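[1] Give me a model of this one.
(one chain, ligands or ions: 1)
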Amino acid sequence: MENTEIKRLQSELIAEIDAAKDLKTLNEIRVKALGKAGAITALSKGMRDLPAEERPVFGAQINQLRGAVEESLQNKLNALEQENLLRQLEEEKVDITEPAKDNKLGSVHPIPDVIDRLTDICVDMGFSVVEGPEIESDYYNFEAMNIPKNHPSRDMQDTFFFTDEILLRSQTSAVQAREMETRKPPFKIVCPGKTYRNDSDATHSPVFHQMEGLVVDENISMADLKSMLTILMRRLFGEDTTIRFRPSFFPFTEPSIEVDVSCPSCHGKGCSTCKGTGMLELLGAGIVNPKVLEMSGIDSKKYRGFAFGFGLDRTSMILNGINNIRNLYRNDVRFLEQMK
Ligand code: PHE
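    A predicted model of the protein is given here:
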């Protein structure tokens with residue numbers, strides 16, 4: 001092949017390369033020129049048929065052609081890639097001055113929220129927070145709490161039994177006995193957690209939450225219990241809260257009281273939350289029955305204790321104006337969003 005023909009092939013290929021608009025076309029040209037069946041490859045193969053003295057010159061010409069075409073392909077490749085990058089940057093440009101989309105923040109569920117609030121107040125007053133098992137023995141849930149088998153006071157707390165001896169705890173009071181067996185007085189503990197009873201309506205759920213408090217020391221009296229609960233209630237519901245103590249009965253405390261607080265919705269005037277009474281029943285408490293102390297190995301001649309236990313679901317419902325306990329367990333996002 002004449003050198004002029006080689007030159008013409010070169011300028012044809014380079015013109016095609018220059019005109020290529022995208023990477024696909026460019027690759028097609030590469031294959032057409034340099035691929036196995038390409039024009040330049042075919043020329044190199046033809047060198048075999050030339051007389052030996054012509055080969056070096058022809059070889060040099062082919063090399064020059066290949067070099068020029070490769071360089072041109074590479075330049076075009078760089079240019080197309082650069083173009084693509086610029087186009088992409090332009091298309092994907094973000095306008096940082098646009099207003100942001102509303103970010104949805106989660107919130108703490110009302111039950112853990114009330115547990116946090118109450119335990120924070122109690123920890124400030126020197127209490128330790130402890131937990132106990134939800135699957136409990138009949139002994140810790142009932143017998144160690146001075147509720148013997150077949151005693152009528154069991155009717156107050158019908159729960160779910162796995163066997164005659166193993167049940168879902170009906171009260172966090174079960175943790176009292178466990179802790180009294182292992183701790184040396186004086187001590188102050190609160191134990192929040194899940195509790196279970198065979199009960200279900202707008203204000204009762206088969207699974208609910210309680211928080212138990214227990215203080216054991218020398219010279220404990222009803223005055224200590226009343227002042228501690230007054231501080232606790234006022235810090236939770238507000239300093240203007242009125243507290244009422246009524247005599248009551250629990251097998252594990254003697255004497256026993258029930259504690260009411262002035263309704264935080266109407267401040268004692270009477271409204272639908274408190275059914276017009278101005279007061280809300282909130283918790284049970286009392287001086288630990290000496291029998292309960294003795295059963296757990298604490299010398300009741302030397303030590304006395306007070307205990308209190310409240311329903312956290314009810315407390316949360318009062319704090320947040322929730323009228324149906326089931327809302328706490330439905331996990332309806334619309335409800336939870338209102339709890340922020
Ligand atoms: N455990 C009692 C209940 O569930 C509440 C209570 C606790 C009463 C501690 C007195 C002392 O009804």
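[2] what's the lengthiest helix in the chain packed up against?
    Longest helix of the chain, by residue count under DSSP state H: helix 55-91. Other elements packing on helix 55-91 under the criterion 3 or more Cβ pairs under 8 Å, 6 or more residues apart in numbering; DSSP states H and E are helix 3-19, helix 23-34, helix 39-46. For glycine as for every other residue, the C-beta is placed from the backbone atoms N, C-alpha and C.
[3] Please identify the buried residues of the host helix or strand of Ala223?
    Here Ala223 sits within helix 222-237, counting by DSSP states H and E. By 16 or more other Cβ atoms under 10 Å, the buried positions in helix 222-237 come out as Asp224, Leu225, Lys226, Met228, Leu229, Thr230, Leu232, Met233, Arg234, Arg235, Leu236, Phe237.
[4] now swap in stretch 18-33 and tell me
    Buried residues in stretch 18-33 (16+ other Cβ under 10 Å): Ala20, Leu26, Ile29, Arg30, Ala33.
[5] Please write out the alpha-carbon positions of it in PDB.
    This file holds the C-alpha atoms of stretch 18-33, laid out as PDB (Å, rounded to 0.1, in the frame of the first residue of the first chain):
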ATOM      1  CA  ASP A  18     -13.400  13.800  16.000                       C
ATOM      2  CA  ALA A  19     -17.000  13.500  14.900                       C
ATOM      3  CA  ALA A  20     -17.900  10.800  17.500                       C
ATOM      4  CA  LYS A  21     -20.500  12.100  19.900                       C
ATOM      5  CA  ASP A  22     -20.500   9.400  22.500                       C
ATOM      6  CA  LEU A  23     -18.400   6.600  24.000                       C
ATOM      7  CA  LYS A  24     -20.300   3.900  22.200                       C
ATOM      8  CA  THR A  25     -19.500   5.300  18.700                       C
ATOM      9  CA  LEU A  26     -15.900   5.900  19.800                       C
ATOM     10  CA  ASN A  27     -15.500   2.200  20.800                       C
ATOM     11  CA  GLU A  28     -17.000   1.100  17.500                       C
ATOM     12  CA  ILE A  29     -14.300   3.100  15.700                       C
ATOM     13  CA  ARG A  30     -11.600   1.500  17.900                       C
ATOM     14  CA  VAL A  31     -12.800  -2.000  17.000                       C
ATOM     15  CA  LYS A  32     -13.100  -1.100  13.300                       C
ATOM     16  CA  ALA A  33      -9.500   0.200  13.200                       C
END
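[6] Go through the buried residues of stretch 18-33 and say which is closest to Gly297.
    Leu26 (89.6 Å; Cβ to Cβ).
[7] That closest one and Ile6: what is the separation?
    22 Å (Cβ to Cβ, to the nearest Å).
[8] about what we covered before: which one among the buried residues of helix 222-237 gets closest to the ligand?
    Using Cβ to the nearest ligand atom, Leu225 comes nearest to the ligand of the buried residues of helix 222-237, at 9.6 Å.
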